[in-house]
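Novice: Got a predicted structure here, sequence first:
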Amino acid sequence: MSSKDLINQMVGKVPEKDMADIAKTSKTVNIELSDSSPFRIVIGNGKIDIADGKADKADATVKCTDQVLSDIITGKLNAFSAFMSGKVTVSGDLFFVQKMITVLGKGK
């Protein structure tokens, strides 16, 4: 299963109280995968949407492989360790990306 599919599944399972943590804000995160098509995560209006392609203006960009992102999302790989080892790069709002991963992880 692709990281995009995993994220779509998890979004629907995140408890409402945890979703409220990030859904108050309005942010866009581009996901650029070296081995798959890019997509974006758009957060706002109390919900999280996943869309194909990159946004022209994003608050953060995550670059890695599909497998690395899948492993981070499912908890098989620590996001901080992946970042420090160069398996993933993040530009822009790193703290928001970390918070978003934490919230999505609650939808496992």
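Specialist: Here it is on my side, so go on. Residues are numbered from 1 along each chain as shown.
Novice: was I right about Asp93 contacting Asp59?
Specialist: Yes: contact status for Asp93 versus Asp59: in contact at 4.8 Å, counting by Cβ atoms under 8 Å. For glycine as for every other residue, the C-beta is placed from the backbone atoms N, C-alpha and C.
Novice: what is in contact with the two at once?
Specialist: By Cβ atoms under 8 Å, 6 or more residues apart in numbering, Asp93 and Asp59 have these common neighbours: Lys27.
Novice: so where do the strands sit in this structure?
Specialist: In chain order, the chain shows strands spanning 27-33, 39-44, 47-52, 60-64, 89-92, with DSSP state E as the criterion.
Novice: Would you mind giving those as a markdown table with mean pLDDT added?
Specialist: Below are these laid out as a markdown table (pLDDT from 0 to 100):
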| stretch | mean pLDDT |
| --- | --- |
| strand 27-33 | 96 |
| strand 39-44 | 92 |
| strand 47-52 | 90 |
| strand 60-64 | 97 |
| strand 89-92 | 96 |
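Novice: That's all I had, so thanks and see you.
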